[in-house]
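Visitor: Task: produce atomic coordinates for the following.
(one chain, ligands or ions: 1)
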Amino acid sequence: MIVAKFGGSSLADAAQFEKVRNIIGLDSRRTVIVPSAPGRRFDEDDKVTDLLYRCHAEQAAGESFEATFARIGKRYTEIAKALGLSIDLVPYLDEIVANIKAGASADYCASRGEYLNGLLLADYLGYDFLDAADVIFFDANGSLDAEKTNTMLAKQFAAHEHVVLPGFYGSTPEGAVCVFSRGGSDITGAIAARAAHAELYENWTDVSGFLMADPRIVPNPRPISHITYHEMHELSRAGATVLHEDSVHPVSRAGIPTNIRNTNCPEHPGTMITCTAVQREDFAIFAGIAGKKGFSLLVAEKELPDRSETFAQGVLQAAKNCGLNFQYLPSGINNICLMAETRQLDAVRTQLVKEIEQLGILHSLTIERQLAGIVLVGYGIIHNRATLTRIYTALRQQDIPVVMLNQGSGELSTWVGVEDTRMEEAIRAIYAEFAR
Ligand code: ASP
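Guide: Now for the predicted structure:
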């Protein structure tokens with residue numbers, strides 16, 4: 001079976017609901033459907049979730065939230081009317097208003113977007129409605145209780161053949177509604193896919209999958225047809241916006257692929273994210289490129305001669321003691337380099353330098369600032385010995401100095417450090433070299 005999650009723009013109005021029903025009807029394996037709340041219908045439109053948070057803020061400030069809530073009610077009633085649904089929304093809307101007036105939490109308010117949309121969609125599809133508050137559990141710290149949730153969901157899926165499970169929320173041990181972070185319906189979908197032992201997790205959005213580069217930097221980048229969860233994670237470390245991190249773990253661990261699809265272009269295969277690499281016939285070497293500014297490179301060199309093997313460990317321990325999360329670690333026998341966000345490094349610099357000096361074997365320590373980290377990702381890279389030369393040559397031809405170029409053996413990514421003012425040019429040059 002397939003778990004299909006539909007994002008806010010896929011369910012923004014009645015016309016979008018129709019597209020969603022058509023998509024579901026095309027494959028009888030789509031038996032668990034996870035909807036978001038209605039998103040924007042046009043550029044200046046509001047997302048229902050934003051309006052619900054606004055209702056909560058207005059009530060908390062002692063202002064009237066009725067005008068804002070009327071807009072929310074209207075959106076749902078318009079959808080229900082246009083689709084000819086039999087469900088009477090009035091009691092549901094009245095109950096929500098009464099709860100907001102009684103001081104309901106921001107999480108409760110926000111969750112009603114998915115709740116109401118789930119009710120509508122279940123009615124429209126003829127599927128059973130499963131309230132997420134009864135099956136998705138958070139612990140006392142507000143983290144997902146993954147195992148309790150998994151057991152309960154599996155039980156419910158065994159009892160109901162066709163289910164609509166609203167995304168984004170669940171409940172605390174006290175029974176209060178609790179939400180994930182923004183965009184959290186992706187997480188609900190992934191959790192549902194794991195519990196249902198789905199063969200596929202479909203994530204329907206308004207784009208036909210991921211692109212190999214940021215289109216604001218590279219004109220018309222190619223779509224990514226296949227990528228692994230690991231490759232995707234590497235790209236996200238260099239700033240690419242991909243899936244919500246918490247929506248990867250439940251499915252990747254269970255060996256379930258995720259397919260990013262476009263509700264407005266259902267014939268497009270989108271991007272398939274898999275656990276293991278798939279041969280990319282069309283474009284074998286790399287899966288994508290991304291870049292992020294605001295990095296610094298700390299280079300610590302040890303004194304010679306020195307036979308102790310503990311220099312690298314010492315530097316890493318110092319970084320750990322300071323709570324520094326480095327992004328990359330290109331190192332040699334006598335030196336160790338930490339690439340970290342400048343913001344983070346600056347915050348701990350004095351303590352870090354002091355601790356490294358206390359190792360007593362430091363020869364020199366430099367920090368190079370204002371760097372961009374560019375990452376070229378793809379399993380094909382390690383099978384292609386010419387990759388580093390090609391990157392280097394492409395950048396030289398554009399007169400872009402390479403501050404750092406590193407490819408660990410067995411790694412699926414190559415990191416390139418350049419001055420941050422040259423990042424966009426560098427990405428274009430590398431993309432053009434490999435997209436030839
Ligand atoms: N409706 C929520 C949001 O706007 C959750 C989601 O769409 O996934 O963040």
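Visitor: these two touch, right, K148 and F137?
Guide: Yes: using Cβ atoms under 8 Å, K148 makes contact with F137 at a distance of 4.7 Å. Yep, even glycine has a C-beta here, placed from its N, CA and C like the rest.
Visitor: Could I get the full set of helices for the stretch 301-436 of the chain?
Guide: 311-321, 342-357, 387-397, 423-434 (DSSP state H, counting those that start in this stretch).
Visitor: between these, which one is nearest to Y169?
Guide: helix 342-357 (32.1 Å; Cβ to Cβ).
Visitor: And the average pLDDT for the closest one is what?
Guide: Regarding helix 342-357, the rounded mean pLDDT is 94.
Visitor: Ok, stretch 224-231 next?
Guide: What stretch 224-231 shows for mean pLDDT is 89.
Visitor: outside of that stretch, which residues touch it?
Guide: 209-212, 235, 248, 252, 269, 271-278, 280, 282, 287-288, 377-379, 412-413 (Cβ atoms under 8 Å, 6 or more residues apart in numbering).
Visitor: The residue of the stretch 51-200 of the chain found nearest the ligand: what's it in contact with?
Guide: For the stretch 51-200 of the chain and the ligand, the shortest gap (Cβ to the nearest ligand atom) falls at S185, measuring 3.2 Å. Shown in contact with S185 (Cβ under 8 Å, 6+ apart): K5, G7, V34, P35, S36, E114, P166, G167, F168.
Visitor: show me which of the residues you listed neighbour the ligand.
Guide: S36, G167, F168 (Cβ under 6 Å from any ligand atom).
Visitor: about what we covered before: I72: which of the helices of the stretch 301-436 of the chain is closest?
Guide: Among those, if distance is taken as Cβ to Cβ, the winner is helix 342-357, at 37.8 Å.
Visitor: Who are the packing partners of the closest one?
Guide: strand 288-302, helix 311-321, strand 362-377 (3 or more Cβ pairs under 8 Å, 6 or more residues apart in numbering; DSSP states H and E).
Visitor: if we compare those, which one ends up closest to the ligand?
Guide: Nearest of these (Cβ to the nearest ligand atom): strand 288-302, 22.5 Å.
Visitor: Show the average pLDDT along stretch 267-275.
Guide: pLDDT averaged over stretch 267-275 gives 94.
Visitor: near the ligand, which residues of the stretch 51-200 of the chain?
Guide: So the stretch 51-200 of the chain meets the ligand at G113, G167, F168, R182, G183, G184, S185, D186 (Cβ under 6 Å from any ligand atom).
Visitor: Mind checking which of the residues you listed are buried?
Guide: G113, G167, F168, G183, G184, S185, D186 (16 or more other Cβ atoms under 10 Å).
Visitor: what's the following helix or strand after the helix of greatest length in the chain?
Guide: Using DSSP state H to define each element, the chain has its longest helix at helix 106-125. Of the helices and strands lying after helix 106-125 in sequence (DSSP states H and E), the nearest is strand 128-129.
Visitor: show me where the stretch 101-250 of the chain has strands.
Guide: 128-129, 163-164, 169-171, 177-179, 200-205, 226-228 (DSSP state E, counting those that start in this stretch).
Visitor: ok, back up a step: go through the helices of the stretch 301-436 of the chain and pick out the most buried.
Guide: Among these, helix 423-434 has the highest mean neighbour count (mean count of other Cβ atoms under 10 Å), at a mean of 20.
Visitor: Kindly export that one (C-alpha atoms) in CSV.
Guide: Extracted in CSV, the C-alpha atoms of helix 423-434 (Å, rounded to 0.1, in the frame of the first residue of the first chain):
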residue,chain,number,x,y,z
MET,A,423,29.8,31.3,-4.4
GLU,A,424,27.1,31.8,-7.1
GLU,A,425,29.7,31.9,-9.9
ALA,A,426,31.4,28.9,-8.6
ILE,A,427,28.2,26.9,-8.4
ARG,A,428,27.3,27.8,-12.0
ALA,A,429,30.8,26.9,-13.2
ILE,A,430,30.8,23.5,-11.5
TYR,A,431,27.2,22.7,-12.5
ALA,A,432,28.0,23.6,-16.1
GLU,A,433,31.1,21.4,-16.1
PHE,A,434,29.1,18.3,-14.9
